[in-house]
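# here you go, sequence then predicted model.
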Number of protein chains: 2
Amino acid sequence: MPRNKREQDRDSKRDEIIASARERFLEDGFEATSMSRLASAAGVAPNTIYWYFKDKDEVLVAVLDAEFSTRAVEYLQQPFADTAERLLWVVNQLELTSRLVSTVHARASLSPQINTWHERFHELTEGMVRMELAQKSLPAERIESLVKICVFTIEGLLAHPMTDEEKRRICATLAAV
Amino acid sequence: MPRNKREQDRDSKRDEIIASARERFLEDGFEATSMSRLASAAGVAPNTIYWYFKDKDEVLVAVLDAEFSTRAVEYLQQPFADTAERLLWVVNQLELTSRLVSTVHARASLSPQINTWHERFHELTEGMVRMELAQKSLPAERIESLVKICVFTIEGLLAHPMTDEEKRRICATLAAV
DNA sequence: ACCTGAACACCGTTCAAGT
DNA sequence: ACCTGAACACCGTTCAAGT
């Protein structure tokens, strides 16, 4: 029996757990979803999850990684008219995972793994925004401040539900420097 | 025995619990502080706390109320040079309670009381920022967007530790519209 | 290698009993 | 009115035992 087959089985089983965990986390939230619930949703015994993941936080990190790599691919395929539209798309996509944004903030100080993920996420988002702003030829230190403000606004829009019109206006205001 | 004496006793006991809970929440975080720990810090049995508070979330709301009314009084007594300085002071003061900011966001969807508190807090903060911006005579809808961006930036600065210099620059950039 | 039943230490909360 | 000991249902996690 080739080692590949084994690893493929293991990975596909892992992916199944991640997929059903994603659904539970987005629907009910991380804190409100117990390991038992997670297990029954995946059709295994509660402690079986620990064969595939170190702990509950590692399940969350796996869900986040899967979710955001999917979004990243979609982002690159999207045709955008301007900066404001680009911003709005990001916010609208991430909004589906808004519950998880709060969870990540709350757990970053408790779980090193989630803290690491959170920092990586910020670097990525800031890099994206920085690229966008680079085209406007502003003084360097002003750019860095604006990058932070943009990222904080994205996070804010995620954490606080808002009408499409409000979101649109805020993104436009921000894009206009 | 006058009713006043009784109520005073009750209130002062309640205040003691709030004071020691404040310390535990800021030091160790809300999630990491158990009701048992809260009780032993206040020198009572775990379930005694339920005589003074409906549940753990109500203790948090009480701590938040006490904390922010204290800050509000200090704010009004402060002599500020300009908008940027004003912003920076708010951020620096609230930073002491940054762990609680994350907790509030995470629990707002789980606890109606905390959700209510969170909304009140946003109205208050937005009102403050709106007053500040009103002096600049901008179009109304632009003001509303800027208010949101300012509040989101305040929240962002609280959630993500930063050097004083970075904070100062971000506040200045924002104050310069 | 993979999965499980049973147990562990802990959690927030309730309740009947004491003063 | 105020406080408690004991119990409840649940949590995330571990471990020895099975295949």
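Structure received.
# so which strand or helix has A:T116?
For A:T116, the host element (DSSP states H and E) is helix A:112-134.
# next structured bit after that helix?
Defined by DSSP H and E, the subsequent element after helix A:112-134 is helix A:140-159.
# go through that next one and flag the buried ones.
Residues A:142-159 are the ones in helix A:140-159 that count as buried (16 or more other C-beta atoms under 10 Å in any protein chain shown). All C-beta spots, glycine's among them, are computed from the backbone N, C-alpha and C.
# cool, and stretch A:163-177?
Using 16+ other C-beta under 10 Å as the burial criterion, the residues of stretch A:163-177 that qualify are A:166-175.
# how about it and chain B, touching?
Yes. Stretch A:163-177 reaches chain B (C-beta under 8 Å from any C-beta of the partner chain) through A:166, A:169-170, A:172-174.
# from the chain's centre, how far out does that stretch sit?
The chain centroid and the centroid of stretch A:163-177 are separated by 21 Å, computed with C-alpha atoms, centre = their mean, to the nearest Å.
# neighbouring contacts of that stretch?
Here stretch A:163-177 makes contact (C-beta atoms under 8 Å, 6 or more residues apart in numbering or on different chains) with A:82-85, A:87-88, A:91-92, A:136, A:138, A:146, A:149-150, A:153, A:157, A:162, B:141-142, B:144-146, B:148-149.
# please list all residues in contact with A:F80.
Counting by C-beta under 8 Å, 6+ apart, A:F80 has contacts A:86, A:89.
# burial count for A:M35?
For A:M35, the count of nearby residues is 15 (other C-beta atoms under 10 Å in any protein chain shown).
# for A:V59, see how far away it is.
9 Å (C-beta to C-beta, to the nearest Å).
# anything in contact with each of these two?
Taking C-beta under 8 Å, 6+ apart as the criterion, A:M35 and A:V59 both touch A:I49.
# which residue ranges form the helices in chain A?
In chain A, the segments counted as helices under DSSP state H are A:3-28, A:35-42, A:49-52, A:56-77, A:83-95, A:98-108, A:112-134, A:140-159, A:164-175.
# can you redo those as TSV with mean pLDDT?
Below are the helices of chain A laid out as TSV (pLDDT from 0 to 100):
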stretch	mean pLDDT
helix A:3-28	87
helix A:35-42	97
helix A:49-52	97
helix A:56-77	94
helix A:83-95	89
helix A:98-108	90
helix A:112-134	93
helix A:140-159	94
helix A:164-175	94
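# closest one to B:S98 among the ones you listed?
helix A:98-108 (9.8 Å; C-beta to C-beta).
# A:R107: what's it in contact with?
Listed by C-beta under 8 Å, 6+ apart, the contact set of A:R107 reads A:30, A:57, A:60, A:114.
# and which of these is nearest chain B?
Checking the contacts of A:R107 against chain B by C-beta to the nearest C-beta gives A:F30 as the nearest, at 8.7 Å.
# and the closest one, its phi and psi?
Main-chain dihedrals, A:F30, degrees, to the nearest 10: phi -70, psi -50.
# now it, nearest residue through space, not along the chain?
Take A:F30 and drop its neighbours on the chain: the residue closest to it by C-beta to C-beta, 6 or more residues apart in numbering or on different chains is A:T103, 4.3 Å away.
# what is the burial count for the one you found?
A:T103: 22 neighbours (other C-beta under 10 Å).
# my guess is it contacts A:L60. True?
Yes. If you go by C-beta atoms under 8 Å, A:T103 and A:L60 touch, sitting 7.1 Å apart.
# list residues touching both of the two?
Common neighbours of A:T103 and A:L60, using C-beta under 8 Å, 6+ apart, are A:25, A:30.
# distance check, A:P161 against A:E74.
Shown here: A:P161 relative to A:E74, a distance of 22 Å by C-beta to C-beta.
# likewise for A:V90?
10 Å.
# quick one: the closest residue to A:Q93 other than its chain neighbours and DNA strand D, what's the gap?
Closest residue to A:Q93 apart from its sequence neighbours, by C-beta to C-beta, 6+ apart: A:R71 at 5.4 Å. Applying C-beta to the nearest atom of the strand, to the nearest Å, the value for A:R71 to DNA strand D is 26 Å.
# for A:T116, same thing?
Counting by C-beta to the nearest atom of the strand, the gap from A:T116 to DNA strand D is 16 Å.
# burial measure for that residue, as a count.
When counting by other C-beta under 10 Å, one arrives at 12 neighbours for A:T116.
# again with the one 3 residues further on
Using other C-beta under 10 Å, A:E119 is surrounded by 12 other residues.
# with A:V61 instead?
Residues near A:V61, counting by other C-beta under 10 Å, number 18.
# repeat for the one 10 residues further on
The number of residues packed near A:R71 is 16, by other C-beta under 10 Å.
# where do the domain boundaries of chain A fall?
A:1-53, A:55-176 (automatic domain parsing).
# near DNA strand C, which residues of chain A?
Applying C-beta under 7 Å from any atom of the strand, one finds that chain A approaches DNA strand C through A:6, A:9-10, A:13, A:44-48, A:50-52.
# got a quick PyMOL command for the buried subset of those?
Buried subset of these, written as a PyMOL selection, criterion 16+ other C-beta under 10 Å:
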select buried, chain A and resi 44+52
